[in-house]
Every structure is written in structure tokens, then in C-alpha cells.
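S.K.: output the structure for:
(2 chains)
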There are 2 protein chains.
Amino acid sequence: MTVVPAAENLPRRLLKGTTMKTLIVHAHPEPRSLNGALTDIAVSTLEAAGHEVRVSDLYAMNWKAVVDAADFGAHATSPLRVIPSSGGAYDAGALTLDVAAEQEKLLWADTVIFQFPMWWYTMPAILKGWVDRVFSFHFAYGVGRHDETHYGERFGEGTLRGRRALLSVTVGGPESHYTDRGINGPIEDLLFPIHHGILYYPGLEVLPPFVLYGTDKITGGAFEDVAKAWQERLLSLETTEPIAFRRQNFGDYEIPSLRLKENLEAPGSKGFSLHVRG
Amino acid sequence: MTVVPAAENLPRRLLKGTTMKTLIVHAHPEPRSLNGALTDIAVSTLEAAGHEVRVSDLYAMNWKAVVDAADFGAHATSPLRVIPSSGGAYDAGALTLDVAAEQEKLLWADTVIFQFPMWWYTMPAILKGWVDRVFSFHFAYGVGRHDETHYGERFGEGTLRGRRALLSVTVGGPESHYTDRGINGPIEDLLFPIHHGILYYPGLEVLPPFVLYGTDKITGGAFEDVAKAWQERLLSLETTEPIAFRRQNFGDYEIPSLRLKENLEAPGSKGFSLHVRG
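M.R.: This is a model prediction of the structure:
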């Protein structure tokens, strides 16, 4: 199923450019699925272009999805308070090996791709459990100083600053349901809590997502087009402009209320779109 | 910690009303937490008012959070395709006992409360895994006929129609961060994918959420006020107006595009708020 372009067809900048290090976090229970095929394509396409790729296949890893006291060992408070337990274990280098390995991969990578099916308008539980456990206190949040001008290092700063992230999402329903007036809400709003709240928060720049709709109906011929579109996205990761989320500590927000300043958007404007520069 | 009002102080309508059947789906690893206290209060308050209460304490139940082939037994297709496997197992009464028990509780209940901490702007993985597994095909989705005027029974119809749901959510950060211009986006938009996409989809009417902010800083005295506010919400569940989400099959949407009709909101209007009647 995988289609790999011949090396002579690769964009010149990729053949000449520096090596990209990509982590793919993959969350689907069936390797022989559309999601599986998309991850296979990502690996082969990026490797053929000379890049390094690592894959965290959460189902294959039997990833533990649930945060509990066992995550923090001797650093678990009693009663369990997740934030100080998480920070204590992180500071002591005592997080579980599975979590520490994922943090190491994130620090190794310059690009992180998340491959998953949209289930109930967000990511599958196993991937949410990857976020809940890997994004520990003092690693992904609770980083940096808090004072009158700086509310921690997040939303444009943070541990993962300088890296890029991309969601590759398969959606069962048709695209019209996810448009401006579609019943499910616009896809960019459905993904905002992930893009902005999970990825941009610890410093990742977020590329526009690669979303496939109507995936219950993709047949062989249509898949060739999908594969080609996906390869084109993969081979332009380095030159794609990220979503222009506003940075937190650089004048756009009142501190500590973190409300967008009144001069930046019309009074009465509200909602997710305010946090993208116009 | 639990404060139960004396029976003579209960609202008359509750003393005289019919018995309410409430399922609480609880998702926090520590019973001695704010979330634990809120569920304890819900149980004691509702039971003192003569209602029936059942609790699904997901951590205590060691809830399996991850969808996989084992959920569907002999009905798992190979390669695994989640939707037909889920539907096949549901139709045959062959879903796993843990999932079947939760579906039975949902059908028993007239009110469902979800008690959880907001982690990374949405529910913890264990609760998402409850949704992913319990909301099976032919139970929560893939219900009803599809034709030119009716796009399945969902968004106002469906298996759970006639029941009500309420999110009770604890949020670490301050409220201003979750307001119209707050950096995280408005709380109603962050909760929309849950309210509309998970709860309203299979037919539940959704009550305005009970949200506590700044929960890292709640001390003993402040907790008394919280407990009182929560009790007031619990004792008015029957008379609280649900969020006025638009029904799918009753003229507001084009079918099958499921775009909101142009005459219903100004051209150019977009986003989640369109799907609530003005």
C-alpha cells in the first residue's frame, strides 16, 4: 500500500537540507488500517528523504493510559495529589521508564506527528493517556517564572520550544459536517484544545492539520490520492507555516488575567479564533 | 466534609416529586480529593432527597480505558474495524460485561453526572476510555434511519433521549483564563465537544456545567461555599433548563450536508455557538 517517491523526485531543499528528526505518536489498534498505512507512508517517505524517524506505536507498546499513584513511585503524595507528585518524580528523575522514554523522544525530535482516528470529536483514550502521563509537571507545565510580566513558560515558550507538531487525523464523517456552519463545529475549533491547549502550551509550533474525511468510504483508487497528498505534506513540513497562535508573555495578554488586550480585537470578540494572529 | 441539608430544608418540589435516578461517572484517582468530596456530596444530597444514586467510580473499578479487539470477542473483525466489530458485538449481546453494565446503568438513569478534573483542557483518559468503549455502535451511534430528511437518530434523538447529563468539572487555573477573551478559550467552547459531540449526540439533554476554578487554592472555608453551591445545583437538576442545542432532523440543518440553514443565522456566522438556539 505504501508509495515511496523515487529519490530524484524529492524536493531539492530536502535533498540538500539538514536531517529532520521526526517522532510519530501512533494511536490505532489495527496496523492494517488507514491509520496504519498513513504511519507506514510517513516512515518510508521521511526515511527516503534522509530523515530520522522514531515511532511510538501506543497499542503495540501496550501503553498504560491511566494516571495513577504508580506513576510517581515514592514521590506519590498521600492522599495522591497529581501535580506535586508528578513534579517531584520528574525532578528526581524517578518517573516510570515508559514515561521517561517518551520525554526523551520528544526532546530528541524536532518534529512530532500524531496519527490517530477522531473518536467522539477528539483523540482516542490511549493517546489522551499518553498526554496525561508524558506531559508531567515541570516538563510540560509548571515551567518558568511567574511574576507581573511572565506567567510561566507556556504558549510560545516552554520545554518543547523550537519543535513542530502536526496532527494527522482520520474522520469518519463527511467534511461538510465539520465546516463553518457544520453541525459538529469547524474542525479548527474541535482541534483547538489539542493544538493550543496540549501542543502549543509546552512550546510546540503547530502546523495546520492533515485531516481525511469520510474515511469509512475510502477505496483503493481514492487511497492513492490520499497517499500522494500525505506525502506532499510530509515533504513540506519544514517550509509549512505554523498556525500563528499568539504568544502569552509578549504583550498580547493582560497578566495575570490572561485576557486578550482590548486593543487587539474588536470589543465583544470572543472565542478560540482570538488567539490566532489575524 | 460532606454537608447534608436537613430534610425540612429541601425544596418542596423535591420532597413531593418523583424519584430521580442518577448515575455518577466519577474519574479521579484519589477518593480523598476535591473530586471525591464532590461525588460524596452528590450521593448524600441526592439520597437525602429521596433519589436513587449509582456511582461508576472508574479508578476504583480499574476501568479498562483502551478500545481493542478483546472488547468485541468473536465479533472482532480481522483486520480489526472498530465500528462493525462494536455493532456486531452489541447486536449479539456479546459486549464485555463491564461495558454492558455501564450501558445498563445509562438506560436505568434519568440523570447522568460526570465528575472529573480538567486535564489538558478535556477529560482524563480513563473517562475518555469509558466513552470510547461504552458508547458502542448501534447503542450511542449508528442508530436510526438515514434518508433525505433524517440523518440517523442523534443530536436530539437517540438511545439516551429523555435523560439529562451534567458535567461537574474542577479546573486548576483561574476563571478569567476561561472567559470570552481568556487565553484558554471560553469554557463553553472547550466543553462543546463533550456537551454536544458526546452527550447530546446519543440524545442526552445537557445542563449547564458546574465548574470550579482555581481548585489548587481551595481551602477549608472556601470549600463550605463550594459544597453549598454544589448542593443547590444538585437539588435543582429537575428544573434547570438544558442548553438549547439545535436538533438535527427538525428543519434547522440541510441534509445530508448538516450545515445550518442560511436563514437561521447571519451569513458568515460560524462556530460552535450556531448550534445553540439564540
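
S.K.: find the nearest non-adjacent residue to residue A:32, please.
M.R.: residue B:79 (4.0 Å; CB to CB, 6 or more residues apart in numbering or on different chains). C-beta here means a position set from N, CA and C on the backbone, and glycine is covered the same way.

S.K.: can you give me the buried ones in stretch A:167-181?
M.R.: A:167-174, A:176-181 (16 or more other CB atoms under 10 Å in any protein chain shown).

S.K.: repeat for stretch A:55-72
M.R.: Buried, per 16+ other CB under 10 Å, within stretch A:55-72: A:55-59, A:63-69, A:71-72.

S.K.: got the contact list for residue A:109?
M.R.: A:21-23, A:54, A:163 (CB atoms under 8 Å, 6 or more residues apart in numbering or on different chains).

S.K.: let me fix that, I meant to ask about residue A:76.
M.R.: So, once contact is read as CB under 8 Å, 6+ apart, residue A:76 ends up touching A:69-70, A:85, A:89.

S.K.: again, 6 Å this time
M.R.: Contacts here follow CB atoms under 6 Å, 6 or more residues apart in numbering or on different chains; on that basis residue A:76 touches A:69, A:85.

S.K.: and it, how far from residue A:251?
M.R.: Applying CB to CB, to the nearest Å, the value for residue A:76 to residue A:251 is 40 Å.

S.K.: over to the residue lying closest to residue A:142 once chain neighbours are set aside: give its phi and psi.
M.R.: Once flanking residues are discounted, residue A:142 sits nearest to residue A:87: 6.0 Å by CB to CB, 6+ apart. In terms of degrees, to the nearest 10, the main-chain angles of residue A:87 are phi -70, psi -40.

S.K.: need the residues of chain A near chain B, please.
M.R.: For chain A, the residues in contact with chain B (CB under 6 Å from any CB of the partner chain) are A:29-30, A:32, A:65-66, A:68, A:79-80, A:119-122, A:125-126, A:128-129, A:131-132, A:176-177, A:180-183, A:185, A:189-190, A:193, A:197-198, A:253, A:257-260, A:270-272.

S.K.: please pick the buried ones from these.
M.R.: Applying 16+ other CB under 10 Å to those flags A:29-30, A:65-66, A:68, A:80, A:119-122, A:125-126, A:128-129, A:131-132, A:176-177, A:180-183, A:185, A:189-190, A:193, A:197-198, A:253, A:257-260, A:270-272 as buried.

S.K.: residue contacts, residue A:245?
M.R.: Neighbouring residues of residue A:245 by CB under 6 Å, 6+ apart: A:196, A:200, A:275-276.

S.K.: tell me the one of the residues you listed nearest chain B?
M.R.: residue A:275 (6.5 Å; CB to the nearest CB).

S.K.: isn't the closest one up against residue A:244?
M.R.: No. Residue A:275 is not in contact with residue A:244 according to CB atoms under 6 Å; the separation is 9.5 Å.

S.K.: give me the more crowded residue out of those two.
M.R.: Using other CB atoms under 10 Å in any protein chain shown, the more surrounded residue of residue A:275 and residue A:244 is residue A:275, with 25 against 12.
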